[in-house]
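Peer 1: From the sequence below, what's the structure:
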Amino acid sequence: MTRLVAVLERHQIALYLAAIAAGGALGLLVPGVHHLELAIEPVLALLLFATFLGVPFAAIGRSLRDARFLGAVGVVNFVIVPLVAYALSRFVADEPALLFGVLLVLLTPCIDYVIVFAGLAGGASDRLLAVAPLLMLAQMLLLPLYLLIFLGPDEVAVVDVAPFARAFLLLIVVPLGAAAFVQFLAKRHRSGQVIERTTMNLMVPLMMATLFTVVASQAGAVGAAGPRLLVLVPIYVAFLAIMVLVGLLAGRVFRLDVPATRALAFSGATRNSLVVLPLALALPPALALTPVVIVMQTLVELVGMVALVRFLPRITREREASASKP
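Peer 2: Take a look at the predicted model:
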């Protein structure tokens, strides 16, 4: 088992790309695969449970007292991101469904698999884990305000915050509580140690399952929407590139160490698409294309996250090396 886990971890980037490709092919070629969307939340909750197990809960308490990192995450996600999102949304300002979807997804920072990807890139996943509940609460409060400013009161009236509350419970509270219980049990009983070790050994398969499920369940909808979505690709790629750069610069401004800077770059670039998707599905018929707009961002982002896992450590290592020269 140990050897198999080592092999999976050594080839995890290739395995993640394979999962994305397989999911895309299945979603486009096999009718009815969109029903897999029902499995997204359970698979994601399992992935987060495994992620939370790998982070000592004592580290969470320390991270919450890290005012510098909290300040950097807040400024990047709730000051700079809205400006970037609004500027990029001007390219689809004449199409309400596209505009609503772009703003809805870009204004909400990720609170789930960003922790996994940041950890894979050597980022401070414990700090992201600590701020995840705060990020979720902040976006629940601020999203209506930003939409009110950018779109107007009529469009804001159709947004229901209930899916946000449900996602907070299922994707943060439940996995986090279960992980805390297993860590507590592992200190006292062998059964807890077995659960903890087995679950953490499944990190790579769980990430593959998450990527496959998301892409397979949504690829058909993206394909059906066709050329109307092509304009979104450069918008989402530009957002990803801009926010990675912003994260790296903010890391310097706030004098964060390299792991925290990597985590900040991931936090700014990664969006809460899987949580806001239920919001989009509940919108009126006039905005029926909005869910596909959000799914398109998910597909672009997943490929971008896999690339960042490989390249961001190289960029930040070069920065660290140059900073250490006299």
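Peer 1: For the stretch 101-250 of the chain, which residues score under the pLDDT cut-off?
Peer 2: Low-confidence segments of the stretch 101-250 of the chain, defined by pLDDT under 70: 155, 157-161, 164.
Peer 1: Show me where it has its helices.
Peer 2: 113-120, 125-150, 153-156, 162-168, 174-186, 190-201, 203-225, 232-253 (DSSP state H, counting those that start in this stretch).
Peer 1: Check those helices for me and report the most buried one.
Peer 2: Of all the helices of the stretch 101-250 of the chain, helix 113-120 has the most neighbours on average by mean count of other C-beta atoms under 10 Å, namely a mean of 26. C-beta coordinates here come from the backbone N, C-alpha and C atoms, glycine included.
Peer 1: chain center to that helix, what's the gap?
Peer 2: Centroid separation for helix 113-120 versus its chain: 8 Å, with C-alpha atoms, centre = their mean, to the nearest Å.
Peer 1: Give me the contacts around it.
Peer 2: The contact list for helix 113-120 (C-beta atoms under 8 Å, 6 or more residues apart in numbering) reads 12, 44, 47-48, 51, 54, 124-125, 128-129, 132, 203, 207, 210, 262-263, 266-267, 270, 274, 305, 308-309.
Peer 1: picking up where we left off before, between the helices of the stretch 101-250 of the chain, which one is nearest to Pro291?
Peer 2: Among those, helix 203-225 comes nearest to Pro291, with 7.2 Å by C-beta to C-beta.
Peer 1: so what secondary structure elements neighbour that closest one?
Peer 2: Secondary-structure packing of helix 203-225 (3 or more C-beta pairs under 8 Å, 6 or more residues apart in numbering; DSSP states H and E): helix 2-10, helix 12-29, helix 40-53, helix 113-120, helix 290-323.
Peer 1: Show me which residues of the last one are buried.
Peer 2: In terms of neighbour count (16 or more other C-beta atoms under 10 Å), helix 290-323 has its buried residues at 290-306, 308-309, 312-313, 315-316.
Peer 1: Secondary structure element for Leu279, which one?
Peer 2: helix 273-281 (DSSP states H and E).
Peer 1: Determine the angle, from 0 to 180 degrees, between that helix and helix 113-120.
Peer 2: Helix 273-281 and helix 113-120 are oriented at 160 degrees to each other (axes from the mean of the first three to the mean of the last three C-alpha atoms, to 10 degrees).
Peer 1: Would you check that Phe78 makes contact with Leu142?
Peer 2: Yes - contact criterion C-beta atoms under 8 Å: Phe78 and Leu142 qualify, at 6.0 Å.
Peer 1: quick one, phi psi at Thr108?
Peer 2: Torsion angles at Thr108 (phi, psi; degrees, to the nearest 10) stand at phi -120, psi 110.
Peer 1: what's the neighbour count on it?
Peer 2: For Thr108, the tally of surrounding residues (other C-beta atoms under 10 Å) stands at 27.
Peer 1: Can you give me every residue that contacts it?
Peer 2: The contact partners of Thr108, taken as C-beta under 8 Å, 6+ apart, are Gln139, Leu143, Arg271, Asn272, Val275, Val276.
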